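# give me a model of this one.
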Amino acid sequence: MDSGSQPRIAIVILTYSQGDLLEDCLKSLKKFTNYKNYRIFVVDNQSESKIGERIKKNFKEVRVIINDKNYGFSKGNNIGINIAKKEYNPDYFLILNDDTEFFQKGWLQKTLKVFEKDRKTGLVGCKLVYPDKRLQNAGGFLKGSNITRIQKIGKRETLEVDHVMGAFMLVKREVMDKLNGFDEDYSPYLLEDTDYCLRAKKLGFKIKSFGGVEVIHKAHQSLKKSKDPKLFFRFKNDLIFSWRHLNFWNFLFRSFVYLPAVALFQKKDEDRIEWKNLYLRKDFIFSIFYLVKAYLFILGGRNNEKFR
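Purely as a prediction, here's the structure:
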């Protein structure tokens, strides 16, 4: 297939203060992408180290957008998506984290075939792995008040799921147009990707997790550099998400039982939910403060302008 007959793919990469990881990502894309008809759009969310200028110099083929401030995940990606629409008119958008790294040739062709096999497919995620190749995230399901994750997926397996992780989301143009990008109420970060998938499902699109493509994700690197109180955003966005996507009783449980438990306890093993796996947070007083602050934030009907 020549590049003229291939679907156009816009790869949108949001970055914030991690230039080395971004360069590793771009180098791996160049090395392992043997697909011709794509263009990369890097959105620099006002990185302190002037990453956008650095990428302009070292990667001439990449379109770089430099924001005037940190707009968070949703709005930052939406800016890149809208510019890609105007300048490239893509058939698909790949939302990609700057801390990802590719190591398999043919990954894009394989992912596109998932769409070809089922026209109702609107969004496809891959098998995200840690640098040692252990499974990190391959999507999951919304079960009652619980957002679950798949524990295993085969290399030839494609699963229909409720959500995939925003570190790698290949999205059909029709879905992107109908949803009008990510919901900016979830600024600056957390749960916007799960919300996006569930909104796509409500429109009748299928969400697929494809085990045939593995991508390294060096998780949470940008969050480590953030000066923001992560727990407040976790609680605030969880309350927004629960109100919009859960039934009344599950909303009450998640908001007033589960979230207080999160404020009080941490898990020894992230994937196990049982009492013997929990221990009391050393800073639980601060966590409860952030939870109460999130309740008041939501009850007050405040917008997220200060976080954009």
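# care to break the chain down by domain?
What the record gives for the chain is the domain set 3-224, 230-307, from automatic domain parsing.
# deepest-packed of the ones you listed, please.
The highest average neighbour count among the domains of the chain, using mean count of other Cβ atoms under 10 Å, belongs to domain 3-224 at a mean of 19. Every C-beta, even on glycine, is put in place using the N, C-alpha and C of the backbone.
# measure how far it is from the centre of its chain, please.
7 Å (Cα atoms, centre = their mean, to the nearest Å).
# quick one: average pLDDT of it?
Mean pLDDT, domain 3-224: 95.
# once you drop chain neighbours, what's closest to Lys236?
Residue nearest to Lys236 in three dimensions, not counting chain neighbours: Ala294, with 4.3 Å by Cβ to Cβ, 6 or more residues apart in numbering.
# so the one you found touches Ile240, yeah?
No: if you go by Cβ atoms under 8 Å, Ala294 and Ile240 don't touch, sitting 9.4 Å apart.
# all helices for the stretch 1-150 of the chain, in order.
19-32, 51-58, 72-88, 107-117 (DSSP state H, counting those that start in this stretch).
# elements contacting the second one?
Contact analysis of helix 51-58 by 3 or more Cβ pairs under 8 Å, 6 or more residues apart in numbering; DSSP states H and E lists helix 19-32, strand 38-44, strand 63-66 as its packing neighbours.
# same check, this time on the third one
Counting contacts by 3+ Cβ pairs under 8 Å, 6+ apart, helix 72-88 packs against strand 9-15, strand 38-44, strand 63-66, strand 92-97.
# the last one pairs with which strands, parallel or anti?
Sheet neighbours of strand 92-97, with direction, are listed as strand 9-15 (parallel), strand 168-172 (antiparallel) (DSSP bridges).
# give me the contact list for the last one.
Contacts made with strand 168-172 from outside it, assessed by Cβ atoms under 8 Å, 6 or more residues apart in numbering, are listed as 9, 91-97, 100, 111-112, 115, 121-126, 128, 193, 196, 205, 215, 217.
# other residues contacting whichever helix or strand comes after that strand?
Remark: after strand 168-172, the chain's next helix or strand is helix 173-179, criterion DSSP states H and E. Residues from elsewhere that reach helix 173-179 (Cβ under 8 Å, 6+ apart): 81, 90-93, 122-123, 196, 199-200, 203, 205.
# right, and the helix or strand after helix 173-179?
Taking DSSP H and E, what comes next after helix 173-179 is helix 192-202.
# just the CA trace of that next one, in PDB.
What follows is helix 192-202, C-alpha atoms only, in PDB (Å, rounded to 0.1, in the frame of the first residue of the first chain):
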ATOM      1  CA  GLU A 192     -10.200  12.300  31.400                       C
ATOM      2  CA  ASP A 193      -9.300   9.300  29.300                       C
ATOM      3  CA  THR A 194     -11.700   7.000  31.000                       C
ATOM      4  CA  ASP A 195     -14.500   9.600  30.600                       C
ATOM      5  CA  TYR A 196     -13.600   9.900  26.900                       C
ATOM      6  CA  CYS A 197     -14.000   6.200  26.300                       C
ATOM      7  CA  LEU A 198     -17.300   5.900  28.200                       C
ATOM      8  CA  ARG A 199     -18.700   8.900  26.300                       C
ATOM      9  CA  ALA A 200     -17.700   7.200  23.000                       C
ATOM     10  CA  LYS A 201     -19.400   4.000  24.100                       C
ATOM     11  CA  LYS A 202     -22.600   6.000  24.800                       C
END
